[in-house]
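Asks: I need the structure of the sequence given here:
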Amino acid sequence: MTTGPHGHRADEPCEAGLELYARALREGGVHHQEADPVPCLIDSCLLQPDLEDMHWLRPVAPAIALPRLLHTSAEDIARQRQSEARLAEAFAPLMRIDGRHTAAADTSMISIHSDKQRINLAITQAMADANEELLAIQPHIGQPSNTLAALDRDQALLDRGARILTLYQHTARHWPPVIARYELIKGDVEARTLDELTQRLLIIDRTVAFIPANKDRTLALEVRNPALITFFVTTFERLWRLGTPMYPEAVQRPSLNGITPRQRAIASLLIEGHTDAAIAERLGLNVRTARVHIAKLAETLGSESRAQLGYLIAESGILKQEGAAE
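Replies: As a prediction, this is how the structure comes out:
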C-alpha cells in the first residue's frame, strides 16, 4: 500500500484525519478544503463527495467503512493483522458517536470513486474477480481509451473464458483507437454501433456496474444494487438489439433515396429543434462535420433555408422510411 504524505498507509488514517472524520460524523460533513491536508480520509473512503454539493464531503458510517478498510488493509497476513487491530482500536470511540448524519446503511451498494486513477483501479479490481462477461457502452469522448493496462485487463478477462459486448456510436467505426483495439485483443468479442448512446456504462458479471457521476467523468459510482444492475442490463440489451454489427463482421447501413443513415439521424434531431453543436455532441461528431452533413442533406432535399429544411424533412418521409427499413 502506498505511503501518504503523512508517512502512513492510506488504509491507516492518521490522528489528524480521525479527528476531522469524527467532526464530520458529528456535523454531517466537512468542506473539501478541510480534507486537503489529510488525503488519507479520501484514500480510505471515510469521506466521499456529496453529489448535491461538490464542495462538501460526507462521512461514511464507521460500521460500513471499517469492514472495507479491513478487507484491503494489507498485502500480507502479518501486516494485515496488525492493521486490523489498529483500525479496530481507532474506530472503537467512533462507533459511540451519534450516527444520525451518516449515509444510510444501504449505501454499501453504491460507492463513489473520485479521480480517474482510483476509478480505473476499482474497475480493475472488479474485473479481476469476473469470469463471465463485460457489457460496455462506450460513447465517443474524443480521447483514446486503449491504454495497455485496459487492453491487458480485457484480454485477461477473455482468457478466463468470458465475453465482451461493446456498444459504440457509429463514428467509432472509423476511429483508429477502436479499430486498433479489435486488432489486438482475441476472444469472444462483439461490437455494435448506434447513432446515439447513453453515458458510459460498464456491467461486470451482472453483479457490479460503473457509471459516471459527473460530466467530466472524474467521479464514478460503483453500483452493486441488484435492482439497479437489472435495470442497467435491460437497458443494455435493448440498445444491443437496435445496434448495427461492427465486429467481428461489419454490416453497412443502407442509404434510402440518396439519404445516408448519418443524415437521417441528423434529420431526426433537426426537426426536434437542436442546434448544430447539440447535434454534433449527440452523434459524436465535431461541429464542422455535422454542418457538412446538414448541408448535404439540404442539397439533397432542395432546401434553401434552415426553416424550409425542417419542413422538407417532415414532408419527405425519410424518417418513416428509416423505421420501416429497420
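Asks: can we go C-alpha only for contacts and neighbour counts from here?
Replies: Noted.
Asks: endpoint to endpoint, stretch 110-122 covers what distance?
Replies: 13 Å (CA to CA, to the nearest Å).
Asks: list the buried residues of that stretch.
Replies: 110, 112-114, 118-119, 122 (16 or more other CA atoms under 10 Å).
Asks: list the ones among those residues that fall in helices.
Replies: 118-119, 122 (DSSP state H).
Asks: before we move on, the earlier item: from the buried residues of stretch 110-122, which is closest to Gln33?
Replies: Ser114 (15.1 Å; CA to CA).
Asks: what's the spacing between Glu183 and Pro248?
Replies: For Glu183 relative to Pro248 (CA to CA), the value is 10 Å.
Asks: looking at those two, which is more packed in?
Replies: Pro248 (12 against 9; other CA atoms under 10 Å).
Asks: the helix or strand encompassing Arg282: which residues count as buried?
Replies: For Arg282, the host element (DSSP states H and E) is helix 276-283. Of all the residues in helix 276-283, those buried under the rule 16+ other CA under 10 Å are 276, 278-283.
Asks: Arg264 against Leu319, yeah?
Replies: Yes - between Arg264 and Leu319 there is a contact under CA atoms under 8 Å: 6.6 Å.
Asks: give me the more crowded residue out of these two.
Replies: Arg264 (22 against 17).
Asks: now do the SS call for the more buried one.
Replies: What DSSP: H, G, I helix; E, B strand; the rest coil gives for Arg264 is helix.
Asks: Thr300 is in contact with Gln263, isn't it?
Replies: No - between Thr300 and Gln263 there is no contact under CA under 8 Å: 10.3 Å.
Asks: of these two, which one has the most company?
Replies: Counted by other CA under 10 Å, Thr300 and Gln263 do not tie: Gln263 has more neighbours, with 21 against 12.
Asks: pLDDT score assigned to that one?
Replies: Predicted confidence (pLDDT) for Gln263: 83.
Asks: can you check Ala78 too?
Replies: 60.
Asks: about what we covered before: need the buried residues of stretch 110-122 in CSV with pLDDT and distance to Ile164, can you?
Replies: Converted to CSV, the buried residues of stretch 110-122 look like this (pLDDT from 0 to 100; distance: CA to CA, whole Å):
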residue, pLDDT, distance to Ile164
Ile110, 88, 24
Ile112, 90, 25
His113, 91, 24
Ser114, 88, 26
Arg118, 90, 23
Ile119, 92, 20
Ala122, 92, 18
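Asks: domain map for this structure?
Replies: As recorded under automatic domain parsing, the domains making up the chain are 15-103, 111-247, 261-325.
Asks: name the helices or strands packed onto the helix holding Arg282?
Replies: helix 261-270, helix 287-301 (3 or more CA pairs under 8 Å, 6 or more residues apart in numbering; DSSP states H and E).
Asks: tell me the angle that helix makes with helix 287-301.
Replies: 100 degrees (axes from the mean of the first three to the mean of the last three CA atoms, to 10 degrees).
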